[in-house]
Every structure is written in structure tokens, then in C-alpha cells.
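Enquirer: predicted structure and sequence below. I'll ask about it afterward.
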Amino acid sequence: MPISLTNVMLIVGAIIFIIYLYFADVNEIAATILSLDLKIALTAIFIDLTCIGLFVLGWYVLLKNPGMSYKDCFEIVLVSIFGDLMIPTASISGEFFRVSLAVKRGKIQVSEATASVLLHRILLALTFGVVLLISVFNLAGHQVAPVAEIYALGAVAILDLVLGITAMYMALRANLFERNVEKLVLKIGGLLRRFRPNYDPDRLRVSVLEGFRTFVQAIKSVKTSTFVISFLVLTARWFLIAMIPYIMFISLGRPVSYWVVLGVAVFVSMVQMIPIGIPGMVGVMEVSMTAFFMGFGIPPALAASATILTRLVIFWFELVISAFAASLQGVRGLRMSYKMRNNSGNSVQSQNSEIV
């Protein structure tokens with residue numbers, strides 16, 4: 001039986017994780033984790049659920065569709081999380097699930113769903129840069145971090161803000177690109193016509209331009225107040241995400257500066273976006289987070305212990321609940337398909353009886 005690429009990458013991730021445990025001293029890690037205050041550590045689960053809720057809320061306010069409830073959005077986001085964890089493509093897989101399920105559940109156009117997801121992703125990037133920059137200023141002020149790390153985090157924050165602002169400007173001024181989109185579609189239509197002589201490129205042009213204009217209108221119809229609300233919600237989410245590893249350090253009896261944890265937690269989230277191909281970035285995330293904590297002077301065993309405990313929440317816990325949500329979505333899809341087949345069959349029988 002052939003081994004799939006996903007299984008191969010999982011094996012690669014497992015090997016990286018085993019090597020990571022070996023060099024971090026697995027015995028010392030185990031001893032450190034055994035000193036855990038479980039009651040304190042378990043609060044991280046509730047914080048993680050709140051973070052997911054804020055992520056959903058940041059998207060929900062951008063959706064101009066009364067048919068989409070917050071509960072619907074929460075379920076869709078959980079399915080998208082499962083897609084991101086199992087198909088690591090820089091969140092593209094998760095966003096695809098978000099758009100397609102929003103279209104089905106909310107009965108809205110693809111262009112409108114895409115606009116909401118795009119704006120949400122841009123705001124997420126902007127808040128990433130803002131929070132990372134806040135962390136850098138606090139680290140510099142308290143002199144708790146090496147200068148090299150401060151400069152590196154600051155450079156990433158500034159670059160992210162520049163790219164985020166540029167992306168937001170382009171999204172809000174998307175109508176300026178209509179002519180370019182039309183030219184591209186005509187070229188694609190002409191290429192398709194070479195293979196299919198009867199193909200009508202103008203039909204494709206009209207269809208794409210209608211979708212593009214709906215997309216532009218959906219973006220421009222979002223109020224400034226809505227952008228502000230989503231921005232504030234997503235900013236609060238970043239500060240809360242850092243509380244998960246921060247609480248893990250406290251539960252181990254070794255508290256660390258919140259600003260150090262915030263800088264590392266936010267920065268390492270960018271590693272998750274790298275499309276290496278390893279599901280859940282198993283091994284890679286552990287190595288990255290531990291290395292960054294060590295860069296701030298945290299002992300290896302303590303850094304690795306806090307990282308492993310954090311990953312138990314933000315990866316393994318999320319994998320379980322998102323897999324459950326994906327399963328429910330699959331069952332719901334099968335039921336709808338079954339009902340449609342039954343309704344179609346009953347309709348045919350009714351027509352036949354009328355003919356008889």
C-alpha cells in the first residue's frame with residue numbers, strides 16, 4: 001500500500017520532535033512538567049476557546065448577512081481550523097473552507113464571502129504587527145531582551161504593518177484593477193478557445209466581472225465602525241493568545257515576563273503560516289518556540305516544557321474539537337444530500353403517477 005505525502009510529512013515531523021526532545025533533555029522536561037499545577041494549566045483551555053471566539057467575532061462583524069448566526073460562523077471556523085492543521089498551506093485551505101461553507105450556510109455569493117474573509121485576514125495581519133510592535137517597545141523599555149532579538153522583532157512588525165496597510169489599500173481600491181482583471185480573463189478565455197473552438201470568452205468575461213464587482217461592492221459597503229470593532233477584537237485576541245504560554249510558565253512555578261511571552265507567541269504564530277507541508281507543523285513549532293524562549297534567556301528544559309504544554313492546548317486540543325466539528329459538518333452534508341435525493345425521487349414518482 002503506497003504511503004501518502006501527508007503520512008511522509010507526519011513522519012518527518014515526528015522525527016524532528018524526537019530529535020528536539022533528545023537535545024532538550026527529555027528527562028529534565030518530564031521532571032519539570034510533573035511539577036505542573038494542573039488547576040492553573042487547565043485555565044489555558046478556556047482562554048484558547050475565548051481566543052477562537054474572538055477570532056470568529058472579528059469575522060462575524062464583517063459579514064453583512066443576517067442569515068449567518070454567530071454559532072454558524074463558530075462552526076465554520078472550527079472546520080477551517082481543522083483544514084489548516086491537517087493541510088498546511090499558509091491558511092489557504094482553511095480560508096477555502098470558510099468561503100465555501102459560508103456560501104452554503106449563509107446562501108451568499110462567493111465574492112461576498114471571499115471579501116469578508118480577505119478583510120478579516122488583512123486585519124489579522126495588521127493587528128499582528130501592532131501587537132508585536134507594542135511588545136517590542138515594552139521589551140526595549142524594560143531591557144529584558146537581547147538587543148538583536150528586539151531589533152529582529154521590530155523589523156518583522158514594521159514590515160508586516162507596511163504589507164498589511166498596502167493590502168488594505170489595494171482591497172479598498174480594488175475597483176481600480178477592474179480593467180486588468182478584464183484583460184486577464186480575456187487572455188484566459190482566448191486560451192480556452194484554442195482547445196474548445198465553440199467556447200465563448202465573452203461569457204467568461206461577463207461572469208468574472210460580475211463577481212468582481214460584487215466583491216468590490218462588498219468591501220466598500222463595510223462601515224468604518226465595523227473595521228474598528230473587528231480591529232479591536234482581533235487585537236485583544238493576540239494579547240489573550242499570549243496568556244496561554246504565560247499561564248503555563250506560572251503553572252510550572254517559573255513565571256516569565258508577559259512581554260517576552262507576548263513577543264514570542266505572536267512572532268512564532270508567523271511560523272505556522274510557512275507552508276512546509278507538515279500537518280500541524282509538528283516538531284517545527286516546538287523547535288521554533290523553544291528556541292525563541294531560549295533566546296530570551298529561559299533555560300532549555302523550562303522553555304521546552306512550557307512549549308509542549310502550550311502546544312497541547314493550541315494544537316492537540318484544537319485538533320480534537322475541530323475534527324469533531326468537521327465530522328458534524330460531514331454528517332450534516334450527507335443528510336442534506338439524502339434529503340435532496342429523496343425529494344427528487346418523490347417528485348419523479350409524483351410526476352409518473354400524474355401521467356398514469
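Expert: Happy to help now that I have it. Residues are numbered from 1 along each chain as shown.

Enquirer: going forward, measure contacts and count neighbours with C-alpha atoms only.
Expert: Will do.

Enquirer: isn't I33 up against I250?
Expert: No - using CA atoms under 8 Å, I33 and I250 do not qualify as a contacting pair, with a distance of 11.8 Å.

Enquirer: looking at those two, which one has more neighbours?
Expert: Just comparing I33 and I250: by other CA atoms under 10 Å the higher neighbour count belongs to I33, 21 against 16.

Enquirer: any idea which element that one lies in?
Expert: Using DSSP states H and E, I33 sits in helix 26-34.

Enquirer: same deal with D48?
Expert: In this structure, D48 sits in helix 38-60 according to DSSP H and E.

Enquirer: which helices and strands sit right next to that helix?
Expert: Contacts defined by 3 or more CA pairs under 8 Å, 6 or more residues apart in numbering; DSSP states H and E place helix 38-60 against helix 70-86, helix 110-142, helix 224-241, helix 243-251.

Enquirer: residues in contact with the first one: which ones?
Expert: Helix 70-86 is contacted from outside by 53, 56-57, 60, 90-98, 101-102, 105, 279-281, 315, 318-319, 321-323, 325-326, 329, using CA atoms under 8 Å, 6 or more residues apart in numbering.

Enquirer: in helices only, show me those.
Expert: Secondary structure defined by DSSP state H assigns 53, 56-57, 60, 92-98, 101-102, 105, 318-319, 321-323, 325-326, 329 of those to helices.

Enquirer: circling back to that earlier point, closest to I29 out of the helices and strands packed on helix 38-60?
Expert: Of all these, helix 243-251 sits nearest to I29, with 13.0 Å by CA to CA.

Enquirer: and the next element down the chain from that closest one?
Expert: For helix 243-251, the following helix or strand on the C-terminal side (DSSP H and E) is helix 258-269.

Enquirer: relative to helix 243-251, how tilted is that next one?
Expert: 130 degrees (axes from the mean of the first three to the mean of the last three CA atoms, to 10 degrees).

Enquirer: now helix 258-269 - C-alpha only, PDB.
Expert: The C-alpha coordinates for helix 258-269 follow below in PDB (Å, rounded to 0.1, in the frame of the first residue of the first chain):
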ATOM      1  CA  TYR A 258       4.500  38.700  29.900                       C
ATOM      2  CA  TRP A 259       6.100  40.900  27.300                       C
ATOM      3  CA  VAL A 260       8.700  38.200  26.500                       C
ATOM      4  CA  VAL A 261       5.900  35.700  26.100                       C
ATOM      5  CA  LEU A 262       3.800  38.000  24.000                       C
ATOM      6  CA  GLY A 263       6.600  38.700  21.600                       C
ATOM      7  CA  VAL A 264       7.500  35.100  21.200                       C
ATOM      8  CA  ALA A 265       3.900  33.900  21.000                       C
ATOM      9  CA  VAL A 266       2.900  36.400  18.300                       C
ATOM     10  CA  PHE A 267       6.200  36.000  16.400                       C
ATOM     11  CA  VAL A 268       6.100  32.200  16.400                       C
ATOM     12  CA  SER A 269       2.500  32.300  15.000                       C
END
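
Enquirer: ok and the helix or strand following that helix relative to helix 258-269, angle-wise?
Expert: Sequence-wise, the next helix or strand downstream of helix 258-269 (DSSP H and E) is helix 284-295. With the same axes, to 10 degrees applied, the angle from helix 284-295 to helix 258-269 works out at 150 degrees.

Enquirer: just to revisit the earlier point, most tightly packed of the helices and strands packed on helix 38-60?
Expert: Compared across the helices and strands packed on helix 38-60, helix 243-251 shows the largest average neighbour count, a mean of 24 (mean count of other CA atoms under 10 Å).

Enquirer: roughly how far is that one from the heart of the chain?
Expert: In terms of CA atoms, centre = their mean, to the nearest Å, the centre of helix 243-251 is set 22 Å apart from its chain centre.

Enquirer: what about the stretch 101-250 of the chain, any weak spots by pLDDT?
Expert: Within the stretch 101-250 of the chain, the stretches with pLDDT under 70 are 142-145.

Enquirer: out of the helices and strands packed on helix 38-60, nearest to Y151?
Expert: It is, among those and with distance given as CA to CA, helix 110-142, at 8.2 Å.

Enquirer: could I get the buried residue list for the helix or strand just after that closest one?
Expert: Proceeding N to C from helix 110-142, the next assigned helix or strand is helix 147-172, under DSSP H and E. Residues 149-150, 153-158, 160-161, 164, 167-168, 171 are the ones in helix 147-172 that count as buried (16 or more other CA atoms under 10 Å).
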